[in-house]
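Q: Pasted the sequence and its predicted model underneath.
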Amino acid sequence: MTQREVNGVNGLHQDGLESNHIHINGSINGSANGNTNGTTNGNGVKSEVRKRMDRKKSSPMMPTFMVSAPGKVIVCGEHAVVHGKAAIAASISLRSYLLVTTLSKSKRTVTLTFPDIDFNHTWNIDELPWSTFSHPSKKKYYYDLVTELDPDLVAAIQPLVRDVSLGKPAEIRKVHQNSAGSFLYMFLNLGSQSFPGCQYTLRSTIPIGAGLGSSATIAVCMSAALLLQLRTLSGPHPDQPPEEARLQVERINRWAFVYEMFIHGNPSGVDNTVSTQGKAVMFQRKDYSKPPSVRPLWDFPELPLLLVDTRTAKSTAAEVEKVRKLKEAHPKLVGSILDAVDKVTTSALELIERDDFNTKSEESLRGVGELMNINHGLLVSLGVSHPRLERVRELVDHEGIGWTKLTGAGGGGCSITLLRPGVSRQKLDKLERQLEEEGYQKFETTLGCDGVGVLWPAVLRNGMDQDEEGGMEIDLENFLRAEGNEGVERLVGVHGDNGAREGWKFWGVES
Ligand SMILES: Nc1ncnc2c1ncn2[C@@H]1O[C@H](COP(=O)(O)OP(=O)(O)O)[C@@H](O)[C@H]1O
Ligand SMILES: C[C@@](O)(CCOP(=O)(O)O)CC(=O)O
């Protein structure tokens, strides 16, 4: 462990969010900490000291807080990235939001509430297999780099996962068991039996299993939430030096990757990386036992994109497995295809980074667009497209609207179309009508958004009466009641009508 890491736990956080916790907890939740106003009774030094000692004995409950992480689009390089090639990914404005509620001390339970997938489950903290996870040969720490799941630990949580959603159809149960397993694996690795009882409630505006990295956003939210609860993160706060912020974000990303491994088996890590860090990245993981190479693209251009969801569910794990098998059967040929995808990605980066690249210029966009088309063709040859994705291409190409490729794992999910400049509104309207008639869903989204964010405590100013008292408290009830994506965005959204909303804080990793 480096000195930095020691400071991260024992020292630096005193100046960051941690010290805010105590302050905010005292002022908003009032008496959670006992009598916080030590100056009013005037009983002299002795009673003051005694009071402080009394206060120290009770460990204050954390306020309810929230974390949020963005989805992503892969601009080039999906699948190839699993095999050590480069990929470019950008975060999008669709996000997941996780509300963390600490329970009173007597409640020794941990609950996952995921209403989007109709999943709710509670475990008794004292009945979890802590001894297996804390055995010296198994114990992992918040700063460790974990690059593979430990089969003994996976086996230790199986009895707890087995009981989840009994009575639900097999397909649904599998998703619920996966959610339970990934959570328990991370919770038991990072936490300890003295962890407070709590409830994790998640809502997301990202379509599930559509290639926009929904699972990675949950992984990032869970990782950030647990590391915050463990008080192992400093910040985010405005004066934080970028290198310190980057260390925090790196820690969140490491554990998010563990969560993703549980969901997918063999993720590249690009999704959780761009979701944690935000904006856009060039990502490559040549050696799975080492951290990936991540190049932030802070000036990623605002490409005019049309994002279309085929509304055809797919499984990332299944599509990744398909490519692995194909590579096993035809190593040289598939190896060449993956090399070609790598070339597409590096060429796209070269174009985007040119001084004369201009998102309004047909020439600039055509360069990137042609590369996207080639990338799609290569993905088709790997067998990960879908007739519904090909139909989007057909419609877009017929009208000469732009350049289209699938994004994410394929096999359904989403496509992105880079729009040709100057395409008439009439043509776009016609395309949109046709897509709607055929059951597609169009998404308006912005590229290159903020990464993981924290709302501590879960209180937001929303232009209503409560603003005078500091804002509206987000609690379980109003969070669950918010209607649809718009309701969630209106209640807790990172971006309000007038840009970033006061309250949400992000690690300032950009420099
Ligand atoms: N809103 C959500 N609530 C709960 N779990 C979710 C949600 N969105 C995604 N997930 C989890 O992520 C999985 C989908 O991940 P994945 O197949 O990688 O698709 P995507 O391309 O969206 O990342 C789901 O099966 C579920 O386990
Ligand atoms: C196919 C892949 O490159 C991207 C998968 O993205 P998604 O899960 O479909 O959002 C897999 C990976 O990078 O882990």
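A: Arrived safely. Ligands and ions are numbered 1, 2, ... in the order given.
Q: Hmm, residue 344 and residue 87 touching each other?
A: No: Residue 87 lies out of contact with residue 344 (C-beta atoms under 8 Å); the separation is 10.1 Å. In short, each C-beta sits where N, CA and C put it, glycine included.
Q: what do those two both touch?
A: 76-77 (C-beta atoms under 8 Å, 6 or more residues apart in numbering).
Q: Single out the residue in the chain that lies closest to ligand 2.
A: Ligand 2 sits closest to residue 408 of the chain, with a gap of 3.0 Å, by C-beta to the nearest ligand atom.
Q: how far away is residue 348 from residue 280?
A: Applying C-beta to C-beta, to the nearest Å, the value for residue 348 to residue 280 is 11 Å.
Q: and residue 88, what helix or strand is that in?
A: Assigned by DSSP states H and E, residue 88 belongs to strand 87-102.
Q: Now the element after that strand, going C-ward?
A: strand 109-114.
Q: relative orientation of the helix or strand just after that following strand and strand 109-114 in degrees?
A: The C-terminal neighbour of strand 109-114 among helices and strands, as given by DSSP H and E, is strand 119-124. The directions of strand 119-124 and strand 109-114 differ by 170 degrees, with axes from the mean of the first three to the mean of the last three C-alpha atoms, to 10 degrees as the criterion.
Q: does ligand 1 sit close to strand 119-124?
A: No: between strand 119-124 and ligand 1, judged by C-beta under 6 Å from any ligand atom, nothing touches; the nearest distance is 6.6 Å.
Q: Going along the chain from that strand, find the next helix or strand for me.
A: Following strand 119-124 toward the C-terminus (DSSP H and E): helix 130-134.
Q: With just CA atoms, put that next one into CSV.
A: Provided in CSV are the C-alpha atoms of helix 130-134 (Å, rounded to 0.1, in the frame of the first residue of the first chain):
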residue,chain,number,x,y,z
TRP,A,130,-18.2,-13.2,6.4
SER,A,131,-15.7,-15.7,7.7
THR,A,132,-15.1,-17.1,4.2
PHE,A,133,-14.6,-13.7,2.7
SER,A,134,-12.4,-12.4,5.5
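Q: who's in contact with the helix or strand just after that helix?
A: Downstream of helix 130-134, the next assigned helix or strand under DSSP H and E is helix 151-162. With contact meaning C-beta under 8 Å, 6+ apart, helix 151-162 is reached by 123, 128-129, 132-133, 138, 177, 180-181, 184-185, 188-189, 262.
Q: With adjacent residues omitted, what lies nearest to residue 342?
A: residue 85 (3.9 Å; C-beta to C-beta, 6 or more residues apart in numbering).
Q: Can you tell me which residues in the stretch 401-511 of the chain are near ligand 1?
A: residue 408.
Q: Which residue ranges of the stretch 401-511 of the chain form helices?
A: 425-437, 476-481, 484-492 (DSSP state H, counting those that start in this stretch).
Q: got the contact list for the residue nearest to residue 342?
A: Residue 85 touches 77, 284, 338-339, 341-342, 345, counting by C-beta under 8 Å, 6+ apart.
Q: Highest neighbour count among those?
A: residue 77 (28 neighbours; other C-beta atoms under 10 Å).
Q: Comparing the helices of the stretch 401-511 of the chain, which comes out most buried?
A: With neighbours defined as mean count of other C-beta atoms under 10 Å, these peak in mean count at helix 484-492, which reaches a mean of 16.
Q: now that one, how far from the chain's geometric center?
A: 18 Å (C-alpha atoms, centre = their mean, to the nearest Å).
Q: Now do that helix: everything it contacts.
A: Residues contacting helix 484-492 (C-beta under 8 Å, 6+ apart): 66, 68, 97, 203-205, 455, 458, 460, 462, 474, 478-479, 481-482, 495.
Q: Would you confirm that residue 240 contacts residue 234?
A: Yes: under the criterion of C-beta under 8 Å, residue 240 makes contact with residue 234 at 7.0 Å.
Q: And ligand 2, is the host helix or strand of residue 172 touching that?
A: Assigned by DSSP H and E, residue 172 belongs to helix 170-190. No: applying C-beta under 6 Å from any ligand atom, one finds helix 170-190 out of contact with ligand 2, separated by at least 12.9 Å.
Q: Is residue 435 in contact with residue 392, as I believe?
A: Yes: applying C-beta under 8 Å, one finds residue 435 in contact with residue 392, separated by 7.3 Å.
Q: What residues does this structure have near ligand 2?
A: So far as C-beta under 6 Å from any ligand atom goes, the chain lies against ligand 2 at 74, 78-79, 81-82, 211-213, 267-268, 270-271, 316, 320, 408-409, 413.
Q: Give me the subset of the residues you listed lying in helices.
A: Using DSSP state H, the subset of these located in helices is 270-271, 316, 320.
Q: how many other residues sit next to the nearest residue to residue 428 once chain neighbours are set aside?
A: Spatial nearest neighbour of residue 428, excluding adjacent residues (C-beta to C-beta, 6+ apart): residue 401 at 6.9 Å. Residues near residue 401, counting by other C-beta under 10 Å, number 20.
Q: What of residue 334?
A: Neighbour tally, residue 334, other C-beta under 10 Å: 19.
Q: Now do the contacts for the closest residue to it other than its chain neighbours.
A: Nearest in space to residue 334, with sequence neighbours left out and distances taken as C-beta to C-beta, 6+ apart, is residue 327 at 4.1 Å. The neighbourhood of residue 327, defined by C-beta under 8 Å, 6+ apart, consists of 83, 334-335, 338.
Q: still on that earlier bit, overlap in contacts, residue 435 and residue 392.
A: In contact with both residue 435 and residue 392: residue 308, using C-beta under 8 Å, 6+ apart.
Q: which of the contacts of helix 151-162 are buried?
A: Among these, those classed as buried by neighbour count (16 or more other C-beta atoms under 10 Å) are 123, 128-129, 133, 177, 180-181, 184-185, 188-189, 262.
Q: Contact partners for the closest residue to residue 381 other than its chain neighbours?
A: Sequence neighbours aside, residue 337 is the residue nearest to residue 381 in space, at 5.8 Å (criterion: C-beta to C-beta, 6+ apart). Neighbour list for residue 337: 378, 381-382 [criterion: C-beta under 8 Å, 6+ apart].
Q: Can you lay out these as a markdown table showing distance to ligand 1 and pLDDT?
A: Formatted as a markdown table, these follow (distance: C-beta to the nearest ligand atom, whole Å; pLDDT from 0 to 100):
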| residue | distance to ligand 1 | pLDDT |
| --- | --- | --- |
| 378 | 19 | 98 |
| 381 | 21 | 98 |
| 382 | 17 | 98 |
